[in-house]
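A.B. asks: What follows is a predicted protein model with its sequence.
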Amino acid sequence: VVSPMVALADGTGWEARLSLPAKLAPVTLALAFEEVGMGATAAATATTTTRPLAIPVGMGPGDPTRLGATVAAAPAGSKPGALSVSFAVQSRGAAAVSLVLARGAPSADASADGRSPSAPASAASCLEIALSRDVQSTGDIWHAQIDGLTDLATLTWAWRADGGLGGDVRGAAFAPGQVMLDPYAPAAAWLALPEGVNVAFGGLAGGGGALANPPAIVGCLAALVDGGGGAGAAPPPPRPNLAAEGCIVLEVNPMADADPAASLAALTGRVGALASSGVTALLVAGPVVAAAPGPAPGNPRAPISLFAPDPALAPAGAAGFGLGASQAIKALIAAAHGSGLEVWVQTEACFTAEAAGAPGVEAVPPTALPRALSLRGLDAVGYYRPGGRVLNVGSPAVRALVLAAARHWAGSLSVDGLVWAHAESLAQDRDGTILDGPPLPDALAADPALRGRVKLIASAADPALLPRQGGRGFPHFGVWMEKDWGLACLLRR
């Protein structure tokens, strides 16, 4: 639309007015100002701005200090029951970022409930909102507040980032055809988005070309209004707070079964019998966070998210879209605590399912998941070491993410211990240099929300990559414990 500007009556400026139907909001207006002058024979136009000025309409700037999705104060005059949600994500070098909102739809097929990429839920509707670089980005953080949201129980969100040539030159690995899971999403589900919304180009493990509309893993806003405990849930039993030295630990891996949800439910039902047999702690391996085939030898699963439990743990027909996995884990923990048992879970901050060129990845069939699922498609430079094989725990962005995820699992999900696979990575800086006093284990050990509440246990895959080649063990800072690597190898034989 080209509209002339009118001089103000007092001569202090110019104005142009544009009316939009309210139902179009939220929308972003891109304005370009032009000065028109008359030449000798024809009109000549000269643009006075180097790029359009983008103005968000029907949405706020959001809060750049709180990554992920958080409930915000609703503006005056909001409809009863409507919520305002602030979204924020880190994307260094991105030239454009969009927020994608999609509403999950009920399906006649009960198995298509979003628990796996082979049985994704369907999206009833989808809205993509382009953010303004002028008013909705602060440093490397892109942010927006969307007002008037209703029925968060079925609403999901994801991000799309495009770096253009500038991002590619800096070493980023943007995948602008795909949508990315928010790294701070506390609940996730697999969703089949409308045609053309999620398209993977050349980023498939083991093959090039394009995969039209693969299922996307997205964050579930239901977690903002129901943390996964279920409506009217009873107060959880108190934590046992057992001394680690006297714990008899049973390691179980529900993710290794064909039906992880059934395996976890069966484990929950046997907690009393396990307590009677002398077991005092359960180590739930897997890892239990949302994961996909990964690069680590001997471990076919690697994390997509450090926050969200794997949707595969949700029982069929669980109430609350995307919350079933959290509810199942909380049910196990409540049963264990009620019987005097602790629950430890396996996590890691080394390999991810997005790793590029790592051992085993290229052998995955061409129909495997795209490599860019979350961190890599948002900010590969900020989250990964050079080469893209492992997370860069020397980066402030990764340290903040790991610390926030540990607080989430210890606080919202009430786990008693976090067992860090490939813990040797935690003792290295951004270049892979091994440190005697690594900052991330120090921060986890000293964190006031974790100290005295959750056990921190290092499980190194290669102790030779620890300080002094493992001669003094993992840097413990008076808090960390270490899994006996030699005994673990002996038991596996």
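C.D. replies: All right, it came through fine.

A.B. asks: Assign the residue nearest the centre of the chain to helix, strand or coil.
C.D. replies: Nearest to the geometric centre of the chain sits Pro183, at 2.3 Å (C-alpha atoms, centre = their mean). Secondary structure state of Pro183, per DSSP: H, G, I helix; E, B strand; the rest coil, is coil.

A.B. asks: Now for it: which residues touch it?
C.D. replies: Counting by C-beta atoms under 8 Å, 6 or more residues apart in numbering, Pro183 touches Leu67, Gly68, Val89, Ser305, Leu306, Phe307, Ser374, Leu375, Leu378, Tyr383, Leu401. (Each C-beta comes from the backbone N, C-alpha and C, glycine too.)

A.B. asks: Nearest to Gly81, out of the residues you listed: which one, please.
C.D. replies: In terms of C-beta to C-beta, no member of those lies closer to Gly81 than Gly68, at 22.7 Å.

A.B. asks: Isn't that closest one up against Leu181?
C.D. replies: No: counting by C-beta atoms under 8 Å, Gly68 does not reach Leu181; the two are 10.9 Å apart.

A.B. asks: More neighbours: which of these two?
C.D. replies: Set side by side, Gly68 and Leu181 show more neighbours around Leu181, with 25 against 20, by other C-beta atoms under 10 Å.

A.B. asks: Which residue is the nearest non-sequential neighbour of the more buried one?
C.D. replies: Spatial nearest neighbour of Leu181, chain neighbours left out: Ser374 (4.1 Å); criterion: C-beta to C-beta, 6 or more residues apart in numbering.

A.B. asks: Can you give me the pLDDT of the one you found?
C.D. replies: As predicted, Ser374 sits at a pLDDT of 92.

A.B. asks: what residues are up against it?
C.D. replies: Met180, Leu181, Asp182, Pro183, Ile217, Ile304, Ser305, Glu354 are the contacts of Ser374 under C-beta under 8 Å, 6+ apart.

A.B. asks: From Leu456, how far off is Ala105?
C.D. replies: Distance, Ala105 to Leu456, by C-beta to C-beta, to the nearest Å: 41 Å.

A.B. asks: the more surrounded of those two?
C.D. replies: Leu456 (25 against 15).

A.B. asks: Next, Ala29: phi, psi?
C.D. replies: Not quite, residue 29 is Leu, not Ala. phi -100, psi 130 (degrees, to the nearest 10).

A.B. asks: ok, how many other residues are close to it?
C.D. replies: 14.

A.B. asks: Gly278 now?
C.D. replies: Using other C-beta under 10 Å, Gly278 has 8 other residues around it.

A.B. asks: For it, give me its contacts.
C.D. replies: So Gly278 contacts Ile248 (C-beta under 8 Å, 6+ apart).

A.B. asks: Quick check: chain neighbours aside, which residue is closest to Asp257?
C.D. replies: Ser263 (4.1 Å).

A.B. asks: now Leu375
C.D. replies: Among residues not flanking Leu375 along the chain, Tyr383 sits closest, at 4.2 Å (C-beta to C-beta, 6+ apart).

A.B. asks: Gly60 now?
C.D. replies: Computed as C-beta to C-beta, 6+ apart, the closest residue to Gly60 that is not its neighbour in sequence is Gln145, at 3.6 Å.

A.B. asks: picking up where we left off before, could you name every residue contacting both of Gly68 and Leu181?
C.D. replies: Residues touching both Gly68 and Leu181 by C-beta under 8 Å, 6+ apart: Gly219.

A.B. asks: which stretches of the stretch 301-450 of the chain form strands?
C.D. replies: Using DSSP state E, counting those that start in this stretch, the strands of the stretch 301-450 of the chain run over 301-303, 342-348, 417-421.

A.B. asks: can you redo these as a markdown table with mean pLDDT and distance to Leu450?
C.D. replies: A markdown table is the format used below for those (pLDDT from 0 to 100; distance: least, C-beta to C-beta, whole Å):
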| stretch | mean pLDDT | distance to Leu450 |
| --- | --- | --- |
| strand 301-303 | 83 | 19 |
| strand 342-348 | 93 | 13 |
| strand 417-421 | 92 | 8 |
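
A.B. asks: now those strands in a markdown table, with distance to Pro236 and mean neighbour count?
C.D. replies: Formatted as a markdown table, the strands of the stretch 301-450 of the chain follow (distance: least, C-beta to C-beta, whole Å; neighbours: other C-beta atoms under 10 Å):
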| stretch | distance to Pro236 | mean neighbour count |
| --- | --- | --- |
| strand 301-303 | 26 | 25 |
| strand 342-348 | 12 | 23 |
| strand 417-421 | 16 | 24 |
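
A.B. asks: closest to Ala188 out of these?
C.D. replies: Across the strands of the stretch 301-450 of the chain, closest to Ala188 is strand 301-303 (C-beta to C-beta), at 11.3 Å.

A.B. asks: May I have the strands that pair with that closest one, each with its orientation?
C.D. replies: Neighbouring strands of strand 301-303 in its sheet, by DSSP bridges, are strand 291-293 (antiparallel).

A.B. asks: Check the model's average confidence along the partner strand for me.
C.D. replies: In the prediction, strand 291-293 has an average pLDDT of 77.

A.B. asks: Next: stretch 157-168.
C.D. replies: Confidence for stretch 157-168, expressed as mean pLDDT, is 76.

A.B. asks: and the closest residue in space to Arg376 that isn't next to it in sequence, what is it in contact with?
C.D. replies: Nearest residue to Arg376, sequence neighbours excluded (C-beta to C-beta, 6+ apart): Glu354, at 4.1 Å. Counting by C-beta under 8 Å, 6+ apart, Glu354 touches Ile304, Arg371, Ala372, Leu373, Ser374, Leu375, Arg376, Gly388.

A.B. asks: residue ranges for the helices of the chain, please.
C.D. replies: In the chain, the segments counted as helices under DSSP state H are 164-169, 222-225, 260-269, 271-276, 324-338, 375-383, 396-411, 439-446, 485-492.

A.B. asks: Need the pLDDT of Ala363.
C.D. replies: Ala363 is given a pLDDT of 42.

A.B. asks: start the count at 825, not 1, going forward
C.D. replies: With 825 as the first residue, the last one maps to Ala1187.

A.B. asks: hang on, Gly1043 packs against Met1004?
C.D. replies: No: using C-beta under 8 Å, Gly1043 is not in contact with Met1004, being 10.0 Å away.

A.B. asks: Now the common contact residues for the two.
C.D. replies: Ala982.

A.B. asks: ok, Gly1001 to Ala1040 distance?
C.D. replies: Distance, Gly1001 to Ala1040, by C-beta to C-beta: 11 Å.

A.B. asks: Between the two, tell me which one has more neighbours.
C.D. replies: Taking other C-beta under 10 Å, Gly1001 and Ala1040 do not tie; Ala1040 has more neighbours (27 against 22).

A.B. asks: Report the beta-bridge partner residues of the more buried one.
C.D. replies: Counting by DSSP bridges, Ala1040 is bridged to Leu1015.

A.B. asks: What segments of the stretch 975-1124 of the chain are strands?
C.D. replies: Counting by DSSP E, counting those that start in this stretch, the strands of the stretch 975-1124 of the chain are 979-986, 1012-1016, 1024-1025, 1034-1035, 1040-1044, 1073-1076, 1105-1108, 1115-1117.

A.B. asks: Of those strands, which is nearest Ala1270?
C.D. replies: Nearest of these to Ala1270, taken as C-beta to C-beta: strand 1105-1108 at 23.8 Å.

A.B. asks: if we look at the closest one, which residues are touching it?
C.D. replies: Residues contacting strand 1105-1108 (C-beta under 8 Å, 6+ apart): 1066, 1071-1078, 1088, 1091, 1095, 1098, 1156, 1160, 1165-1170, 1240-1241, 1243.
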